[in-house]
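Visitor: Here is the input, now give the coordinates:
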Amino acid sequence: SLQVQTNIIEISLLSLFSSFFLIYVSLPFFLILINPQRQKRNQFDSMASSSGIGNNDELTPLQKHVMFFDINKDGIIYPWETYQGFRKLGRNVFRSLLAAVLIHIVTSGKTRPGKLPSPLFPIVIKNIKFAKHGSDSDAYDSEGRFVPEKFEEIFKKYAHKNSESLTSEEVNELLKKNREPKDYFGWLNAMTDWRLLFDVGENKDGILTKEAVRDVYDGTLFEQKAREVAAEKSKVN
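Guide: Reported below is the predicted structural model:
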């Protein structure tokens, strides 16, 4: 019957979409495993040569925030570089993989305006301002500059137990209060950002200090944490 044929078509389309989605989501995992950085630059990203950015003094705080993950400093961050960055920060293999996949799936396309999706999921640092999302604290403006007033507002509003730090519960409150109606993509981005920050930046007491949050906005926390992890590993060895 017509109804049966319609159901078959719907199931076929759903299966096709599901297969495509699984392949798309799996690509960053595959890229991290094979690490194409060891090979010649792929034709999909010949733009690399024109994507370099200036010296550190010329970068916006948002660009500095992500520069730690640009391992070879060519102005483009690939999934395997983000994975390596999180490993340097002391995260385990699973957390590093998950972070790299989530970040590149939601961010890559925004930093490549006007271009078709790349199977290498690159993040172009000079365009990172376009990756700014809704439902956030607005501590970066639309150009990627740091906004001190918005930063201070975070702690005035949500640092209830200690004005100089945030607990996990206070971060949850921040995320809920910042949610814009039906901005599901923004909710996911904000949650990913803050949960990764808390995971990397929490101190031995399980809290996120104001200094740590401030340092993450220009990327200095990542450099400091990587040095600490490297020092700990050298002691063990």
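Visitor: residue contacts, residue 173?
Guide: residue 158 (CB atoms under 8 Å, 6 or more residues apart in numbering). Where C-beta positions appear, they are placed from N, C-alpha and C, glycine not excepted.
Visitor: What of the one 4 residues further on?
Guide: For residue 177, the contacting residues are 157-158, taking CB under 8 Å, 6+ apart as the criterion.
Visitor: Just the buried residues of whichever strand or helix holds it, please?
Guide: For residue 177, the enclosing helix or strand under DSSP states H and E is helix 168-178. Neighbour-count burial for helix 168-178, counted by 16 or more other CB atoms under 10 Å, picks out 170-172, 174-175, 178.
Visitor: Tabulate those (TSV), appending distance to residue 114 and pLDDT.
Guide: Below are the buried residues of helix 168-178 laid out as TSV (distance: CB to CB, whole Å; pLDDT from 0 to 100):
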residue	distance to residue 114	pLDDT
170	40	96
171	35	95
172	37	94
174	34	95
175	32	94
178	30	93
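Visitor: quick one: which of these is nearest residue 105?
Guide: Checking these against residue 105 by CB to CB gives residue 175 as the nearest, at 19.9 Å.
Visitor: Confirm for me that the closest one is in contact with residue 189.
Guide: No: using CB atoms under 8 Å as the test, residue 175 is too far from residue 189 to be in contact (10.6 Å).
Visitor: Between these two, which contacts overlap?
Guide: Overlap of the contact sets of residue 175 and residue 189 (by CB under 8 Å, 6+ apart) consists of residue 135.
Visitor: Okay then, goodbye and thanks.
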